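**Student:** Pasting the sequence and the predicted model now:
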Amino acid sequence: MYRIFTFWVLFTVSLQAQDMEKTTLHKTSGTELSSSLTYAGLSSALLYNFSIQKHRIYGGPRLLLSDSYLPFRGPFGGRIGYQYIVLQNERWRSGAGIDYQFVLSRPFRSDDGLQSIHEYHVSYGFSFRLLKRWWINTDLGAGFYLEELGTKSNRQSFTGFSNLINLSVRYEW
Amino acid sequence: MNGKLLLIGCISSLLVLFISCQKVELNQIQNLNNNQIGVIGHGGSGFISAENSLPPNSWSSITKAIDGYLADGVEVDIQLSLDSVVYLFHDRDMARATNCTGCLSQWSSQKLEACQYRTTQGIHFSTQGDLVLLERLFQLTQERPGTYLFLNDTFFADCFSLPTSMLSVYARKLSDLIIRYELTDYVIIESSNIAFIEQLRNYSTTLKIALLGQADDGIFDITSKYELWGVSLNYNEQIPDSFIESCHQRGLRVSLYGILRLRKDLVDAVNKSPDFIQTDNIPLLQQILEP
C-alpha cells in the first residue's frame, strides 16, 4: 500500500509539472459527494467544501453503506478534513491533507451507550476539472482506527492500521 | 442551482437504491428458536477481508464477536494436536496463516505454543497471535451464559497415520470437555463425517450434533438414526424454502453458513427462517434483525 501511495504522489506531481500555466485560487465553496473505502467499510458522504488560496476544508454527514440495511437507520457518522493545495493549474489540483471519519451505532439489542469507529488518515489526492465547475477528486491515504464496541458498561476497544481510498464528484461555485 | 441539483439527485438516487431493495418481514420468521434468528460469527468475527484483518479462530476475533458485537455465538473450526489437545484452527497446512508448517495434528501442544498467526496490514495493534485452545474458549463461554458455540470438526484424514483410531480419541476428548464444562445446551458440533458422529453418540446421547450436509431428503435418515439436533446447510447451494420447513417439522434446527456478508444475501437468508445464520458481517445482520 505504501508503494502505491508513493507512486501516486509522484504520478500526480509529474502530471501537473507538464503544464506550466498557473492560476490563482480564490475563495470557492462547493458540494461534494464522496465514496470512500476505509477500515470501517464502504461509505458515502455529502460534504460541504470551502477553499481559500491554497487551503481547503470540508465536512459533512456520512453513511456506512457496507453495514447499512435501510438508509434512515444508518449507521451514520461524519467526515471532516483539511487539504493543502501543493500544485494547481487550470485543470488539475493536488494536495496533501488529513482526514477524520467516524461512525456511530447502537449495540445489538441494547440501549447501553453507543459503539463507534474513528478513523484518522493522512492522504494525498488530486482533482481534475471535468467542466467549468465540476471536478472529479481522488485520494489515497493511510492511518489508523480506534474502534469501540460493546456496551457502556463493558467496553471493548480495538486499534489498528487503516487505509483510505476516496473517489468523489465536486461542484464548486 | 447546479449544486442544489447535485444534492437532490444524490439523495434521490440513494433513496431509490435502498427502497427498491428486498426487505425482511421479521414477524414472519417461523423457526424452532422462539422465532428469533441467532447471529453467529463465522470464525469469530468473520474471515479475513478488506474490512476485517483478524485471523479467523483467533482470540481477538472471537472476543470481538462475543464481547464487542454481542453476537449470539461464534462458529469455530477445531482440530486435534498430536497429544490429543483440541485447538481452534481452520487450515490443513499451518503455513498460510502462521509461522509454523504442516498439519496441526503432527505437532504436540508444547511445540504449538511457538506458533503465531501472521500479522497482515491493517491488523489490530495488540492482537493476541497464539493458537487458541478449545478449553480456553469454553472457560470464556462459562462466563457468558447463553453464548452458542458451533464447533466445525475439521478432520484431515491424510494428516493422521491411523485416522480411524483418531476419530475415537477426538470424539472422546470433545465429549469430555463439553460435559466437564456443562455446556451441552449451547455447544453444537457440526460434522459431515458419519463415523465421527457415531463415535460421538457412543460417548454421549446428550451432545448437540448438527449434520453438515446438503438440502436433500436423504439426510433425514441420518438425523433420525443418530437423533441429531439439527442440520447446517451451505447457503450458496440451492436450499428450497420448503426444505427448511421440513426440517422444522422434524424437530431439526437449521443453521445456514457460506458467504454471507452482503445485504442481499443476508436478507435472503433471513427470509428463509433458519434458526441460526453464520455470517462474516455481524453488524449488518444485527441491523437487519433489529425490529
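**Tutor:** Cool, got the structure.

**Student:** Name the helix or strand for the most centrally placed residue in chain B, please.
**Tutor:** Nearest to the geometric centre of chain B sits B:E75, at 2.5 Å (CA atoms, centre = their mean). Assigned by DSSP states H and E, B:E75 belongs to strand B:73-80.

**Student:** Strand partners (parallel or antiparallel) of that strand?
**Tutor:** Paired strands of strand B:73-80, with direction, are strand B:38-42 (parallel), strand B:86-88 (antiparallel), strand B:148-153 (parallel) (DSSP bridges).

**Student:** Can you show me the helices along the chain?
**Tutor:** You didn't say which chain, so I picked chain A. All helices of chain A, identified by DSSP state H, fall at A:2-17.

**Student:** try again with chain B
**Tutor:** Going by DSSP H, chain B shows helices at B:2-19, B:59-63, B:109-112, B:134-142, B:163-180, B:194-203, B:219-225, B:241-249, B:263-270, B:282-289.

**Student:** ok, and what's touching the last one?
**Tutor:** Outside helix B:282-289, the residues within contact range by CB atoms under 8 Å, 6 or more residues apart in numbering or on different chains are A:66-69, A:73, A:75, A:105, A:108, B:24, B:26, B:36-37, B:39, B:41, B:45-46, B:65, B:69-71, B:260-261, B:263, B:266-267, B:270, B:277, B:279. C-beta coordinates here come from the backbone N, C-alpha and C atoms, glycine included.

**Student:** pLDDT score assigned to A:G160?
**Tutor:** We have a pLDDT of 86 for A:G160.

**Student:** Low-confidence ranges, the chain, go.
**Tutor:** Defaulting to chain A. Along chain A, segments meeting pLDDT under 70 span A:1-25.

**Student:** that's the other chain; I wanted chain B
**Tutor:** In chain B, residues with pLDDT under 70: B:1-22, B:50, B:119-128, B:160-163.

**Student:** how does it look with 80?
**Tutor:** For chain B, the stretches flagged by pLDDT under 80 are B:1-23, B:48-53, B:119-128, B:155-165, B:241, B:259-260.

**Student:** Nearest to chain A: which residue in it?
**Tutor:** Chain A sits closest to B:G68 of chain B, with a gap of 3.3 Å, by CB to the nearest CB.

**Student:** Which strand residues bridge the nearest residue to B:L252 once chain neighbours are set aside?
**Tutor:** Spatial nearest neighbour of B:L252, excluding adjacent residues (CB to CB, 6 or more residues apart in numbering or on different chains): B:G230 at 4.7 Å. With DSSP bridges as the criterion, B:G230 is bridged to B:A210, B:R253.

**Student:** Next, the contact list for B:G230, please.
**Tutor:** If you count contacts by CB under 8 Å, 6+ apart, B:G230 has them with B:188, B:208, B:210-211, B:223, B:247, B:252-255, B:275.

**Student:** Pull out the buried residues from those.
**Tutor:** B:188, B:208, B:210-211, B:223, B:247, B:252-255, B:275 (16 or more other CB atoms under 10 Å in any protein chain shown).

**Student:** gap between whatever residue of chain A ends up closest to chain B and A:E90?
**Tutor:** Proximity of chain A to chain B (CB to the nearest CB) peaks at A:L149, 3.3 Å away. Per CB to CB, to the nearest Å, A:L149 is found 48 Å from A:E90.

**Student:** Who has more neighbours out of these two?
**Tutor:** Each of A:L149 and A:E90 has its neighbours counted (other CB atoms under 10 Å in any protein chain shown); A:L149 has more, 23 against 10.

**Student:** quick one: the more buried one from B:V270, how far?
**Tutor:** Applying CB to CB, the value for A:L149 to B:V270 is 22 Å.

**Student:** Same question for B:S81.
**Tutor:** 38 Å.

**Student:** A:G125 now?
**Tutor:** Distance from A:G125 to B:V270, by CB to CB: 39 Å.

**Student:** Also B:S84?
**Tutor:** 40 Å.

**Student:** Name the residue in these two with the higher neighbour count.
**Tutor:** Neighbour count, other CB under 10 Å: between B:S84 and B:V270, B:V270 has more, with 23 against 14.

**Student:** dump the residue contacts of the closest residue to B:E51 other than its chain neighbours.
**Tutor:** On the basis of CB to CB, 6+ apart, the spatially nearest residue to B:E51 that is not a chain neighbour turns out to be A:G41, at 4.8 Å. Each residue near A:G41 by CB under 8 Å, 6+ apart is listed here: A:64-67, B:50-51.

**Student:** and what of B:D265?
**Tutor:** B:235, B:259.

**Student:** can you rerun that using 10 Å?
**Tutor:** Contact partners of B:D265, counting by CB atoms under 10 Å, 6 or more residues apart in numbering or on different chains, are B:235-236, B:256, B:258-259, B:277, B:279, B:281, B:284.

**Student:** Who is B:V39 paired with across the strands?
**Tutor:** B:V39 has the following beta-bridge partners by DSSP bridges: B:I277.
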